[in-house]
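Undergrad: sequence and predicted structure below; questions after.
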Amino acid sequence: MINTVFDILTIRKDFPILNRKVNGEALVYLDNAATSQTPKMVIDAIVDYYSRYNSNIHRGVHSLSQEATEMYEEARLKIQKHFNASKSHEIIFTPGTTYGINLVANGFSALLNKGDEIIVSALEHHSNIVPWQMLCERTGAVLKVIPMDLDGKLVMDEYHNLLNPKTKLVFCNHVSNALGTINPIKEIITAAHKVGAAVLIDGAQAAPHIKADVQQLDADFYVVSGHKMCGPTGVGILYGKEEWLNKLPPYQGGGEMIAEVTFEKTTYADLPHKFEAGTPNISGGIAFGAALDYMNTIGFDAIAQYEDELLKYATDQLLTIEGLKIYGTSSEKTAVVSFNIEGIHPYDIGSILDKLGIAVRTGHHCAQPIMDFYKIPGTVRASFSFYNTKEEIDVLVAGVKRAKAMLT
Amino acid sequence: MSIKDIQEEIIDEFSMFDDWMQRYEYMIELGKSLPLIEEQYKTDENIIKGCQSKVWVHAELNDGKLIFTADSDAIITKGIIAILIRTFSNQKPSDIIAADTEFIDEIGLKEHLSPTRANGLVSMIKQLKLYAIAYQTQLN
């Protein structure tokens, strides 16, 4: 029995989409690791922006532009406070995690030499593999991989062996999107710094569950997406230490990112604007701030505690199904259950669950190396959020049983 | 039987069912009768791209008509390709090229027709038609 740490029914009322039906059945939304749902107050923030003060920021003398600029910058301050960055200009608004990673990878093109080494973990999303492979192709740097074990944990001894004075960069996700493993990033960062390497942490999967403190972690870069933490799509942030952001060249040229332009020479704007060329996703940034307000009102400790209960319940219940195997069995996990049933393709299970109104993800979850490691084509992934309930897990388990009966 | 006749026959068969579960169960049954591709043709080149599960298709020309064989590692996908092959196999390439596939809608599998759907029914139809176009060129 779940001891709810907060009033789940009240929370569910904040999410209009949870009332809808899919294929005639009540929606059971368990694809939160792909994108989270949006509470009404975040939707309202977007509507309010377009209804009352839609205007371009940082350049207008008129009142609407001032208001929009203030709201946008206020969102930046909320984000700074949330991640405990020491300076607000260390928060760069981006269209999302992938963009933030590419911005850093591109910037390091100018700083790396042939033979330098870059370390990534075996648990990465493609978005944290491909940009580094491209960077290696451009610079002649060499990509090394921290291996994983059968539980879906990184083999930390191997990581420590990989580090050496040629290591310039380490990239690792805080939480694996495919398995939910929480990686020991504090240890990863501390060890990397001892050999003088910078560390980028992909926080996309962690941010909805864990309130990261970038100063305590001593991360050089930390990237997240708004849409995974109750915010809108198309907005995210790159946190970077001021000294690193000053070293990296601008990623895109355009308006907003310049100080002075002549045809002979352009000088770049100060942080954060140097990395924010063009008109940004203004309403998205403001709504991202509102989403953080919403989640902080509930409280990340309460969220983590409740989601842990959901994870334990889902794991126990799913394991009662004969032939079901869970991938990712680390004791340190967010509320993600990646599984297969012996002899059944994950796609088939996902298709039946969809007919029952249950939204899960099937496939390789943009993490093919992990699937290759387990020698499977993919998994069914149910990922939970604080607005999910034990009853929804019961619906999932019944659905999986039904799918199994149909497919064997 | 013409492609149209076979499609009508399939529509008739599916009209007996009231809900999606029965339709899916029947589709899974049809998958079991799929003419299986020979192991030697289960190569990467014969995999249809755009499907989350693997689908292999092979085509051979026999007396002016195309004979398709296929397989998939997912049961539902196997059912879908079985339905398509039942309509297209043993038909003239020109007839396959000209055929429409709106019957999929009528048998209650419309959701699979969306081009964004991960099962790639659209990719399957495209690939079968590409085979027909290739063999038609050969016949000309």
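TA: Received, thanks. Being a predicted model, the structure only gives us computed values, none of them experimental.
Undergrad: so what's the residue count around the residue of chain B found nearest chain A?
TA: In chain B, no residue comes nearer to chain A than B:Ala74, which is 3.7 Å away by CB to the nearest CB. (C-beta placed from N, C-alpha, C; glycine too.) B:Ala74 is flanked by 27 other residues according to other CB atoms under 10 Å in any protein chain shown.
Undergrad: list phi and psi for it.
TA: Phi and psi for B:Ala74, reported as degrees, to the nearest 10, are phi -110, psi 140.
Undergrad: nearest to chain B within the stretch 201-350 of chain A, name that residue for me.
TA: When scored by CB to the nearest CB, the stretch 201-350 of chain A has A:His345 as its residue closest to chain B, at 3.7 Å.
Undergrad: what's near enough to touch the residue nearest to that residue when sequence neighbours are not counted?
TA: Among residues not flanking A:His345 along the chain, B:Ala74 sits closest, at 3.7 Å (CB to CB, 6 or more residues apart in numbering or on different chains). Under the criterion of CB atoms under 8 Å, 6 or more residues apart in numbering or on different chains, the neighbours of B:Ala74 are A:His345, A:Tyr347, A:Asp348, B:Gln52, B:Ser53, B:Lys54, B:Asn119.
Undergrad: show me which residues of chain A sit near chain B.
TA: A:23, A:344-345, A:347-348, A:351-352, A:355, A:362-363, A:377-378, A:406-407 (CB under 8 Å from any CB of the partner chain).
Undergrad: residues making contact with the helix or strand hosting A:Glu309?
TA: Under the criterion DSSP states H and E, the helix or strand holding A:Glu309 is helix A:300-318. The set of residues that contact helix A:300-318 without belonging to it, under CB under 8 Å, 6+ apart, is A:2-6, A:8, A:180, A:209-211, A:295, A:324, A:326, A:333-337, A:339, A:382, A:384-386, A:388, A:390, A:393-394, A:396-397, A:400.
Undergrad: so which of those residues belong to helices?
TA: For these, membership in helices holds for A:Ile8, A:Met295, A:Lys390, A:Ile393, A:Asp394, A:Leu396, A:Val397, A:Val400, with DSSP state H as the criterion.
Undergrad: name only those of the residues you listed that count as buried.
TA: Among these, the ones that count as buried by 16 or more other CB atoms under 10 Å in any protein chain shown are A:Ile8, A:Met295, A:Ile393, A:Leu396, A:Val397, A:Val400.
Undergrad: can you count the residues close to the nearest residue to A:Ala26 once chain neighbours are set aside?
TA: Computed as CB to CB, 6+ apart, the closest residue to A:Ala26 that is not its neighbour in sequence is A:Gly357, at 5.8 Å. A:Gly357 is surrounded by 18 other residues when neighbours are defined as other CB under 10 Å.
Undergrad: thought A:Gly357 was touching A:Leu30?
TA: No - under the criterion of CB atoms under 8 Å, A:Gly357 lies out of contact with A:Leu30, with a separation of 10.7 Å.
Undergrad: I'd guess B:Asp71 is in a helix, am I close?
TA: No - residue state for B:Asp71 (DSSP: H, G, I helix; E, B strand; the rest coil) corresponds to strand; a helix is not indicated.
Undergrad: OK, contacts around it?
TA: Counting by CB under 8 Å, 6+ apart, B:Asp71 touches B:Leu34, B:Leu36, B:Ile37, B:Lys42, B:Val55, B:Trp56, B:Lys78.
Undergrad: buried subset of these, written for PyMOL?
TA: For the buried members of the contacts of B:Asp71, the matching PyMOL selection, counting by 16+ other CB under 10 Å, is:
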select buried, chain B and resi 34+37+55+56+78
